[in-house]
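Q: Kindly generate the corresponding structure for this input.
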Amino acid sequence: MTDEALVKKYRQARDMNSFKTLVRRYQNRIFNSAYHLIGNKEEAEEVVQDTFVKVHQGIDNFREDASFGAWVFRISHNLCMDILRNRKKRVAIQTIPLLARTGEETDGDFEAGVDDIADMTLEPAQVLDLKEESEIIEFSLKSLPEAQRAVLILHDLEGFQYQQIAEIIGASIGTVRSRLHYGRIKLKEMLDAYYAMKSNPVTPPITPR
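A: Residues are numbered from 1 along each chain as shown. Got it, this is the predicted structure:
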């Protein structure tokens, strides 16, 4: 059943099975995008819960001609932005821990080529390399400005189109394109630096005894 049909059924009859289906359909994606954006598992879980509370409260105001997915992600995006703004108010400098892989499903092409590190057909050295690469990608993503990071997550991880992203973050399509463009440039620079360092490791000088 489509999102639109489930929403209509829930709005008309408050059919909880329809609502639960929508929750199951989106909760992992919302968790992943929130986790990549704010870098905290507990807060990302709260974002998921608060998102669907707001969906329940605002379902009667949802436009039937709109995208339910874009609407849900706009709610979760705004909640994430609130968390990030509150962090800045609490502390001047926030140390963001290196993200470990969550093990949750993600869509899109951002992590294409990074295989599951739990693949036991790989040699131990290959598993370590893939784990390190995954962590570097996550760390590089976290190093981007919040606005660019959010657009990259929505486009490359979640597969939203420019128009949908513009609706989610409340910006113009031109702004979305610009943030995606410069975010990818910065991300590529960081990853290029990592691969260059890895292929040409610096050997410490040997001190005479």
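Q: Now do the contacts for the residue nearest to residue 6 when sequence neighbours are not counted.
A: Using Cβ to Cβ, 6 or more residues apart in numbering and skipping residues adjacent in sequence, the residue nearest residue 6 is residue 18, 4.4 Å away. (Each C-beta comes from the backbone N, C-alpha and C, glycine too.) Contacts for residue 18 (Cβ atoms under 8 Å, 6 or more residues apart in numbering) come out as 1, 6-7, 9-10.
Q: Would you write out the PyMOL command that picks the buried residues out of those residues?
A: Of these, the buried ones can be selected in PyMOL as follows, counting by 16 or more other Cβ atoms under 10 Å:
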select buried, resi 6+7+9+10
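Q: Hmm, residue 149 is touching residue 39, no?
A: No - the pair residue 149 / residue 39 is not scored as a contact, 10.0 Å apart, by Cβ atoms under 8 Å.
Q: Flag every buried residue along stretch 16-28.
A: 18-19, 21-23, 26-27.
Q: quick one: least confident helix or strand in this protein?
A: helix 124-142 (a mean of 64; mean pLDDT, DSSP states H and E).
Q: who's more crowded, residue 149 and residue 39?
A: Under the criterion of other Cβ atoms under 10 Å, the comparison of residue 149 against residue 39 puts residue 149 first, with 22 against 19.
Q: remind me which residues of the chain are low pLDDT?
A: 90-134, 201-209 (pLDDT under 70).
Q: quick one, strands of it?
A: Taking DSSP state E, the chain contains no strands at all.
Q: Where do the helices of it begin and end?
A: Applying DSSP state H to the chain gives helices spanning 3-13, 16-38, 41-58, 68-90, 124-142, 146-152, 162-169, 173-199.
Q: Just name the most buried of these.
A: helix 146-152 (a mean of 21; mean count of other Cβ atoms under 10 Å).
Q: contacts for it?
A: Counting by Cβ under 8 Å, 6+ apart, 36-37, 77, 80-81, 84, 110, 141-142, 144, 165, 169, 176, 179-180, 182-184, 186-187 sit against helix 146-152.
Q: before we move on, what about stretch 191-204?
A: Outside stretch 191-204, the residues touching it (Cβ under 8 Å, 6+ apart) are 136-137, 140.
Q: CA atoms of that stretch as CSV?
A: Extracted C-alpha coordinates of stretch 191-204, given in CSV (Å, rounded to 0.1, in the frame of the first residue of the first chain):
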residue,chain,number,x,y,z
LEU,A,191,39.0,11.6,1.4
ASP,A,192,41.8,12.3,-1.2
ALA,A,193,44.1,13.4,1.6
TYR,A,194,43.4,10.2,3.5
TYR,A,195,44.0,7.9,0.5
ALA,A,196,47.2,9.9,-0.4
MET,A,197,48.5,9.5,3.2
LYS,A,198,47.6,5.8,3.1
SER,A,199,49.3,5.1,-0.2
ASN,A,200,52.4,7.1,0.9
PRO,A,201,52.8,6.6,4.6
VAL,A,202,55.4,8.7,6.3
THR,A,203,58.3,6.6,7.6
PRO,A,204,59.8,8.1,10.8
